[in-house]
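**Student:** sharing a model that was predicted from the sequence below.
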Amino acid sequence: MKPLFVTLSAMLFVAILMPAGDAAAQRVQRRELEMIVGEQTSISALNVESYSEGRGGVVDVRVPSDGEHFIIVALNPGATTLLLIYSDRQVQYRIRVRSEDEEAQGIQERDNIRLDFYFMQLAETYGHNIGVNWPSSFGGEAFFSSTLDLLVPDFTNATAVITNQPLPRLDLLQSSGWARVMRQAAVITANGHQASFNSGEEINLVVAGGVTGQLQKISVGSNISVTPRYDRETGRVELQVTAEVSNLTDGRGTGVPGRLVSTVDTLVNLEMGQAVILGGLLAESQTMEQSGLPGLSQIPIIGVLFGTNTTHREYAQNVVFIVPTVVDVVSQQARQRISDAFDVYWDYTGGLHDLQLIDMPAGVPSVAHPDGRSEAPSETSTGDGEE
């Protein structure tokens, strides 16, 4: 019975391992790699058990003595593949090599510039209309009318109309308020190329005129046009900027709103990443108006009974500034490293010490774990053993 038990155990062990082996064989990750003739790059060789090159003569695959990386050297234009076999997966690189002439005919590399615009505005208003409002004129129309019946000599339908009489109106109005506006706009463009950005809304107003009304549009928002010129050697950027920021304002009883507009048209030279104020405004306006009966409204203290005092004050502060930065394009190797990290993340189901997201440099000693595995020491450790 013992040999039979051993045979059954071995068969069960093989049956358990076969599905895992089939799943590992089917797990093939495909990646792309583009190179130019004469260019060389490196691919991590950690945990690679074997590799196979496809079409020969396109690239040269070299393995240094440390065995931690594959050195890929582009020899001739063409396409080939490189298959890396791990214990649990396979990675296939599709390598495409282009000539220098093809690269020259392609799109030239240009720096991308990001421009962040910030607009802030603070406003405060106050107004009052206090006093006795007398009419500017009265009279001119009949205020008594009657009808005479000739058959019966008598007045009928007599009506007295009180109109346009010097009746005063009491004004007791006071208003105050504040407002704050903040707008941010970002524009990304190639070095030396003009970019435009428009954001806002249109207000449709019906203006009466002639036989039919006319539709009038009022545009408010942010309109920005900028041309950056960046010098990589000096790290400075020159900006030709035209910006306009507008907001609606109160119509002050007219029913038609106005526009508060801030415009900047300038040429600035600054360092990359430096913030510069393109324009600022500090405004203060105050209006006072007095109306009423001639002479009587000018009497101190009691003159308020014969006239109206109107006051309107407005304060505003706004500033527009810009921050330019260079948008760096992620290299192919960096994108590949990010893709590898995400693959490990989605496939992770335990066993952290069997994974290695970061390639450790050569010559770094490893630290033994209690279970027999090894790991590189932390970068925060010092030579005397303190952290």
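**Tutor:** Received it, and whenever you're ready, just let me know what you need. Numbering: from 1, shown residues only.

**Student:** next SSE after the lowest-mean-pLDDT helix or strand in the chain?
**Tutor:** Using mean pLDDT, DSSP states H and E, helix 2-26 stands out as the lowest-scoring helix or strand of the chain, at a mean of 42. Where DSSP states H and E defines the elements, the next helix or strand beyond helix 2-26 is strand 28-36.

**Student:** mean confidence for that following strand?
**Tutor:** Averaging pLDDT along strand 28-36 gives 85.

**Student:** so which bits of that strand are buried?
**Tutor:** Buried positions in strand 28-36, judged by neighbour count with 16 or more other CB atoms under 10 Å: 31, 33, 35. Every residue, glycine included, has its C-beta placed from N, CA and C.

**Student:** what helix or strand does the closest residue in space to the second one that isn't next to it in sequence sit in?
**Tutor:** This points to L33. Nearest residue to L33, sequence neighbours excluded (CB to CB, 6 or more residues apart in numbering): I95, at 4.8 Å. If you go by DSSP H and E, I95 is part of strand 90-98.

**Student:** who are the packing partners of that strand?
**Tutor:** Counting contacts by 3 or more CB pairs under 8 Å, 6 or more residues apart in numbering; DSSP states H and E, strand 90-98 is packed against strand 28-36, strand 78-85.

**Student:** what angle separates the first one from strand 90-98?
**Tutor:** Interaxial angle, strand 28-36 versus strand 90-98 (axes from the mean of the first three to the mean of the last three CA atoms, to 10 degrees): 20 degrees.

**Student:** hmm, who's touching whatever helix or strand Y51 lives in?
**Tutor:** Per DSSP H and E: Y51 is located in strand 50-53. Applying CB atoms under 8 Å, 6 or more residues apart in numbering, the contact partners of strand 50-53 are 59, 61, 70, 80-85.

**Student:** between these, which has the most around it?
**Tutor:** Counting neighbours by other CB atoms under 10 Å, V59 leads these with 28 neighbours.

**Student:** surely that one meets I72?
**Tutor:** Yes: V59 lies in contact with I72 (CB atoms under 8 Å); the separation is 5.4 Å.

**Student:** who touches both of those two?
**Tutor:** In contact with both V59 and I72: 35, 82, 95, using CB under 8 Å, 6+ apart.
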